[in-house]
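Peer 1: okay, predicted coordinates and the sequence, questions at the end:
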Amino acid sequence: MARIEGFRVKNFKVFKEITLGRLWNQRESEPLTHMTAVIGKNGAGKSTLFDAFGFLADCLKNGVEEACDSRQRGGFSRIRSQGQEGLMYLKNGCGKGGKDKEQGGLFHF
Ligand SMILES: Nc1ncnc2c1ncn2[C@@H]1O[C@H](COP(=O)(O)OP(=O)(O)O)[C@@H](O)[C@H]1O
Ligand SMILES: [Mg+2]
């Protein structure tokens, strides 16, 4: 079964740029382990981290416009990091066990 080994989020709400684990083109970084705990004070971005995946799922299921407006996200201008003009960017690295089968995805908005 595929699992997420790492991901990068850029210009998504409070995250101007974060990278966790190993991306598909970063062999030198350590992948996320089988269990990852997310800990942080209020407002640190815990919910935002999970909504990055939720947003991506909604985009693929319902389209970008609807995804921006659903789940109280408030539209693209509220989703993109305040003060940033660049594109919003979600990238992941997935592993299927063997190095030859690694896959990644890159989404720009
Ligand atoms: N578009 C945005 N640009 C920058 N910061 C944002 C944006 N949208 C929300 N935030 C900030 O993200 C923070 C909320 O993060 P959240 O994921 O709810 O934290 P937690 O779940 O850890 O309490 C708040 O500080 C809020 O001001
Ligand atoms: Mg929260």
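Peer 2: Alright, I've got the coordinates. Ligands and ions are numbered 1, 2, ... in the order given.
Peer 1: next, Ser77: secondary structure please.
Peer 2: helix (DSSP: H, G, I helix; E, B strand; the rest coil).
Peer 1: what pLDDT does it get?
Peer 2: At Ser77, the pLDDT value in this model is 92.
Peer 1: can you pull out the low-pLDDT segments for the protein?
Peer 2: 94-105 (pLDDT under 70).
Peer 1: switch the cut-off to 80
Peer 2: Filtered on pLDDT under 80, the chain yields the residue ranges 1, 24-27, 86-87, 89, 92-109.
Peer 1: what residues does it have near ligand 1?
Peer 2: 13-14, 40, 42-48, 78-82 (C-beta under 6 Å from any ligand atom). For every residue, glycine as well, the C-beta is placed using N, CA and C.
Peer 1: ligand 2 next: which of the residues you listed are close?
Peer 2: On the criterion C-beta under 5 Å from the ion, Lys46, Ser47 are the entries of these that sit beside ligand 2.
Peer 1: and of the residues of the chain next to ligand 1, the nearest to ligand 2?
Peer 2: Ser47 (3.2 Å; C-beta to the ion).
Peer 1: okay, now that closest one: neighbour count?
Peer 2: Using other C-beta atoms under 10 Å, Ser47 is surrounded by 14 other residues.
Peer 1: which stretches of the chain form helices?
Peer 2: 46-62, 64-69, 76-79 (DSSP state H).
Peer 1: show me what counts as buried in the last one.
Peer 2: When neighbours are counted by 16 or more other C-beta atoms under 10 Å, the buried residues of helix 76-79 are found to be Ile79.
Peer 1: list the contacts of the closest residue to Gly21 other than its chain neighbours.
Peer 2: Closest residue in space to Gly21, ignoring its immediate chain neighbours: Gly6 at 2.8 Å, by C-beta to C-beta, 6 or more residues apart in numbering. By C-beta atoms under 8 Å, 6 or more residues apart in numbering, the contact list for Gly6 reads Thr19, Leu20, Gly21, Arg22, Leu23, Gln26, Ser29, Pro31, Leu32, Asn92, Gly93.
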